[in-house]
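Quick check, what structure comes out for this input:
(2 chains)
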Amino acid sequence: MKKTTGLIIGAVTLGLLSAFTNAADWGNLSGQFVYDGQPPTPPLAKITKDKECCGKFNVIDESLIVNAESKGIQNIILYLYPETSRSRSRSHSKKTVKIPIHPSYRETANAEVKLDNYKCRFDPHVSLLRTTQTLVLGNADPIGHNTKIDTFKNDPINYTIASGGSLKHQFPNAERMPSRVSCSIHPWMIGWLLIRDNPYMAVTDKDGKFEIKNLPVGSWQFMFWHEKAGYVDQVTLGGAKQEWKKGRAMITIKAGDNHLGVIKVGPSVFEE
Amino acid sequence: MGMGGQFVCCNVGKCFTLVLGVCLLGCDSRPPVFHPNLVYMRHQKLAGNLADFEKPAIKQQVDDIERLVTLLFGTSDAPRLPGSRQLDWSTFLDIVKLRQAAGPIDGAGAAARSGLFRRYCARCHGVAGDGAGPMAPFLDPYPHDFRRGIFKFKSTPSTIPPTGQDLHAVIDRGIPGTGMPSFKQLAPARRDALVQYVSYLSIRGLFERELITIVALELDEGERLVPWRLQEQNPDRFEEELEPWLDVADQIARKWMDADAQVTPVPAPDVDWESPVNVARGRQLFFSTLTNCAECHGNTALGDGQTDDYDEWAKELDPTNLRALRDYRALGALPPRKVRPRDLREGVFRGGDELDSQFRHIKNGIAGTTMPSIAVELCDADIWSLVAYVRRLPKDPMNHE
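Sure thing, here's the model as predicted:
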């Protein structure tokens, strides 16, 4: 009897597993953010400290990077954002959103994510981290840095990192918004770190392109954020103007590729 | 009665003329109530600009936040503690003492029944502990804003709240080199009431901030925080709806209750820790990339290194964004000032000159400021060498080479 039950449970589990790994249940989301105007030239950062070292790297102000040729907007952060007040309310607790995670993300679940102080900037400028992963802060510069990360749901950190030094840190809780990374000694050094408890996040590349692979099919809320714009809330998609209130948009993920195409963002979104 | 009226009858003689000066310039006419943290609402873009505050949907959310905070924490005249079933707040905060600290000034000396905070603290720190009392614009550094729950001079690591003893130490000692005087002349029980009230204002402020964050980041415009209509229609259901919010408050309070267990231990220094060799070691560390001390405190240690950054309170005002800054100023924020690293040759230590606190301030960094923690890079003996060097600095000749 026991054996039969075990077999049945096994069969059901297998069935469920295969259901989740079935190609029909997962879709990729991609697109390209393009600046709807004359691409601005990023100014040089104001180097106020350690000029003899940092002055030679031509560090730029990275708060808005638009590619001069493709007009792509770099460093827009987008991520699955199922957070609602309902997920908090007791009377709706059964509706709490559980996000299926595609098995392909397992191998990176415990990976180390590097964030370096390099040439007097944060490299990369935007880092994406899962709560199960470990952040490795490094300093490859000949000068000392400190790395301050202003998290909300996790204890914020602020450590000095000696030249050539490194340290590891884990953030156990998901953050709702990207956290600011800064160096108090060199105030022009700004970076961003998004910490989530699922892998569904991306940052646009130098051409403004992004892709999030293997999302569960269905209708999901996404957040679109950029350090200069804050919420990316006014866009033109397929020629039609759209308002993404507080940077949020509902997107239906179908099996296979979901290409949003070119998403234009006007200069006014980046002015406050 | 406005706050101005109360200040005229303040009993600390030396600030009387200053207060009068303030009143001539335009006395703070805000009524003595807890004002909503509009600056943080603007910062979190609950309102994207000043006009948004006039939108009915956003007005309602602002009201919801304040109503929920008041339901759990009471008012500036009648404080209250959240009635959580999961956590007994009375083991940490004594409502009798909170009432003695809160409310209008009533009775002097030992006969005082209420109003300790308004008598001794509010003229600088503001009734809500927002650091924006009527005296605040004239003080440098500004009075402390308690509502973030961040305290600089304490025995715990920078992310942990202060212990009650830490707050006592500040009230007893004052903060040398700032406008914060010592209140040692007050009876211990009254100082204790003030310590408790500062903790209460901090937890209340943190709870309000958390609600603002949730409304800004999780709710749609116009979405309600709590179904208030149930309060009368179905009190049991309403209680249920409140539970998640009580959890939020409990989580904040638990951190404060656990602070005593998180105090950074201070190992005894070696007998020769102040020897010339150790002072020289401290000096070497001071200029090394292991500590980066000289980067901010300057090569001369006069505090003239990196002076181009802001502390956490000023950063919240997005000081480089002039348009946002105008909004914050209109909402009552004081103009942001840049951080000035301490001039270590003055020999005035704001956190006190006890060895233990100096050791901890170097090891843990100073919360809310640009001073980072050094714990990862240095062993305890090295930290003692730095303490020895820093204590030696006021007597040290300026040019070594």
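
Kindly state the pLDDT recorded for A:Met1?
With respect to pLDDT, A:Met1 has a value of 42.

you'd agree A:Ser70 is up against A:Gly208?
Yes. If you go by C-beta atoms under 8 Å, A:Ser70 and A:Gly208 touch, sitting 6.8 Å apart. In this view, the C-beta of every residue, glycine as well, is placed from N, C-alpha and C.

quick one, which of the two is more surrounded?
Neighbour comparison, A:Ser70 and A:Gly208: the larger count goes to A:Gly208, with 25 against 16 (by other C-beta atoms under 10 Å in any protein chain shown).

Can you name the residue of chain B nearest to chain A?
B:Thr289 (3.1 Å; C-beta to the nearest C-beta).

May I see the buried residues of the helix or strand B:Arg326 falls within?
In the assignment (DSSP states H and E), B:Arg326 maps to helix B:322-330. Under the neighbour-count criterion of 16 or more other C-beta atoms under 10 Å in any protein chain shown, helix B:322-330 has B:324-325, B:327-328 buried.

one step back: what residues are shared contacts of A:Ser70 and A:Gly208?
By C-beta atoms under 8 Å, 6 or more residues apart in numbering or on different chains, A:Ser70 and A:Gly208 have these common neighbours: A:Val34.

Can you tell me the closest non-neighbouring residue to the closest residue to chain B within chain A?
In chain A, the residue that lies nearest chain B is A:Gly144 (3.1 Å; C-beta to the nearest C-beta). For A:Gly144, ignoring the flanking residues on the chain, the nearest one in space by C-beta to C-beta, 6 or more residues apart in numbering or on different chains is B:Thr289 at 3.1 Å.

Helix, strand, or coil at the one you found?
Under the three-state scheme (DSSP: H, G, I helix; E, B strand; the rest coil), B:Thr289 adopts coil.

who's in contact with B:Val271?
Counting by C-beta under 8 Å, 6+ apart, there are no residues that B:Val271 touches.

shaky segments in chain A?
Where chain A drops to pLDDT under 70, the residues are A:1-21, A:85-97, A:272.

tell me the domain ranges of it?
A:30-97+A:199-272, A:109-195 (automatic domain parsing).

Now tabulate those domains in TSV and tack on distance to B:Ser275.
Formatted as TSV, the domains of chain A follow (distance: least, C-beta to C-beta, whole Å):
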stretch	distance to B:Ser275
domain A:30-97+A:199-272	32
domain A:109-195	25
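
so which of those domains is the most packed in?
domain A:109-195 (a mean of 20; mean count of other C-beta atoms under 10 Å in any protein chain shown).

The residue of chain A closest to chain B reaches A:Tyr159, doesn't it?
No. A:Gly144 is beyond contact range of A:Tyr159, at 11.1 Å (criterion: C-beta under 8 Å).

Can you tell me who A:Leu193 pairs with across the strands?
For A:Leu193, the beta-bridge partners under DSSP bridges are A:Ser127, A:Ser179.

Then the one 10 residues further on?
Taking DSSP bridges, one finds A:Ile77 as the beta-bridge partners of A:Val203.

can I assume it is in contact with A:Ile77?
Yes. Using C-beta under 8 Å, A:Val203 is in contact with A:Ile77, at 5.2 Å.

Which residues are in contact with each of the two?
Shared contacts of A:Val203 and A:Ile77, counting by C-beta under 8 Å, 6+ apart, come down to A:126, A:128, A:194.

Could you pull out the buried residues of stretch B:57-74?
For stretch B:57-74, by 16+ other C-beta under 10 Å, it's B:58, B:61-62, B:64-66, B:68-74.

so what's residue 183 up against?
I went with chain A, as the question did not name one. Counting by C-beta under 8 Å, 6+ apart, the residues that A:Cys183 touches are A:117, A:122, A:145-148, A:189.

Chain B was what I was after
So B:Phe183 contacts B:120, B:171-172, B:174, B:191, B:194 (C-beta under 8 Å, 6+ apart).

do the same with B:Asp220
When contacts are counted by C-beta under 8 Å, 6+ apart, B:Asp220 touches A:245-246.

now A:Lys153
Listed by C-beta under 8 Å, 6+ apart, the contact set of A:Lys153 reads A:173-176, A:195.

Let's see that with 10 Å instead.
By C-beta atoms under 10 Å, 6 or more residues apart in numbering or on different chains, the contact list for A:Lys153 reads A:131, A:171-177, A:179, A:195, B:213.

Could you pull up phi and psi at B:Asp64?
When read as degrees, to the nearest 10, the backbone of B:Asp64 gives phi -60, psi -50.

Double-check it against B:Met41; I have them as touching.
No. With contact defined as C-beta atoms under 10 Å, B:Asp64 does not count as touching B:Met41 (11.8 Å).

Would you mind listing the buried residues in the helix or strand hosting B:Leu386?
Assigned by DSSP H and E, B:Leu386 belongs to helix B:380-392. Residues of helix B:380-392 classed as buried by neighbour count (16+ other C-beta under 10 Å): B:380, B:382-392.

In space, what's closest to B:Arg119 - neighbours in sequence excluded?
Using C-beta to C-beta, 6+ apart and skipping residues adjacent in sequence, the residue nearest B:Arg119 is B:Ile105, 5.0 Å away.

Do I have it right that the one you found meets B:Ala111?
No. Using C-beta under 10 Å as the test, B:Ile105 is too far from B:Ala111 to be in contact (11.7 Å).

which regions of chain B sit below the pLDDT cut-off?
Ranges of chain B meeting pLDDT under 70: B:1-29, B:109, B:399-401.

in what helix or strand does A:Val262 lie?
A:Val262 belongs to strand A:256-265, assigned by DSSP H and E.
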